[in-house]
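Visitor: Need coordinates for the below:
(one chain, ligands or ions: 1)
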Amino acid sequence: MPSKDSDHRNGPIIPPTRWYRSLAAAGLHNPAVHGPARHWLQVEGSFTRALQQQCRYRFHVEVCNEGFAVPTLEEARRLGLAPRQRAWIREVRLCGDSQPWVLARTVIPLACLEGKGRRLRNLGNKPLGAYLFSRPEWLRGPLETGLCQNTDDQQPQLARRSLFHRGNKALMVGEYLLPTLYQR
Ligand SMILES: C=C(O[C@@H]1C=C(C(=O)O)C=C[C@H]1O)C(=O)O
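Guide: Next up, the predicted model:
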């Protein structure tokens, strides 16, 4: 997938991340999960909605990359996909009051794009959360906590992700918190 953000000069990028089943498990490796980011790592319901509530004047979604691409091996395993199987991958910045607050990466397997799911390819700047949370057939699984593997303090350090299920189909949403969100 062509990347518009192939280096840090263009702003934060989605880093390699190690995923844990719970906040407590991640906390054994990095106690920062219990700091000011903790609230955001545990938000239930729509993350978009929670961010909108923090804005003084404007929330918006900026699409960075969107298209068919091969998920990482770890993502493919988590979603039960064959290695090298392509999926629709959407990477965005969730911005509050014109500042990037969260980077998000969503992996949508081909099976999810069939039928009504084809709309998932045409979200543009509309938040995915508005789509998922207005359709009761989509159910969220448990939240995982991620520890990002980099040292630059402008980059995401902590993340969360979950699968959304519709029947036997699932897509995966990862949200990478930028320090600008929780160090305000
Ligand atoms: C899953 C949600 O959707 C949000 C919107 C996204 C997008 O538009 O690509 C990505 C991740 C989310 O934080 C949510 O609001 O909970």
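
Visitor: helix or strand for L181, which one?
Guide: For L181, the element it lies in under DSSP states H and E is helix 179-182.

Visitor: Please enumerate the helices of the chain.
Guide: Counting by DSSP state H, the segments of the chain that form helices are 23-27, 38-41, 47-54, 73-79, 128-133, 179-182.

Visitor: Which residue is the nearest non-sequential neighbour of the residue of the chain found nearest the ligand?
Guide: Nearest residue of the chain to the ligand, counting by CB to the nearest ligand atom: G129, 1.9 Å away. Using the backbone N, CA and C atoms, a C-beta is placed for each residue, glycine as well. Nearest residue to G129, sequence neighbours excluded (CB to CB, 6 or more residues apart in numbering): T48, at 3.6 Å.

Visitor: ok, that neighbour - how many residues close by?
Guide: T48: 22 surrounding residues under other CB atoms under 10 Å.

Visitor: Residues of the protein that sit close to the ligand?
Guide: Those residues of the chain that sit near the ligand, judged by CB under 6 Å from any ligand atom, are 46-48, 61, 90, 92, 94, 104, 106, 127-129, 132, 173, 175.

Visitor: ends of stretch 51-70, how far apart?
Guide: 29 Å (CA to CA, to the nearest Å).
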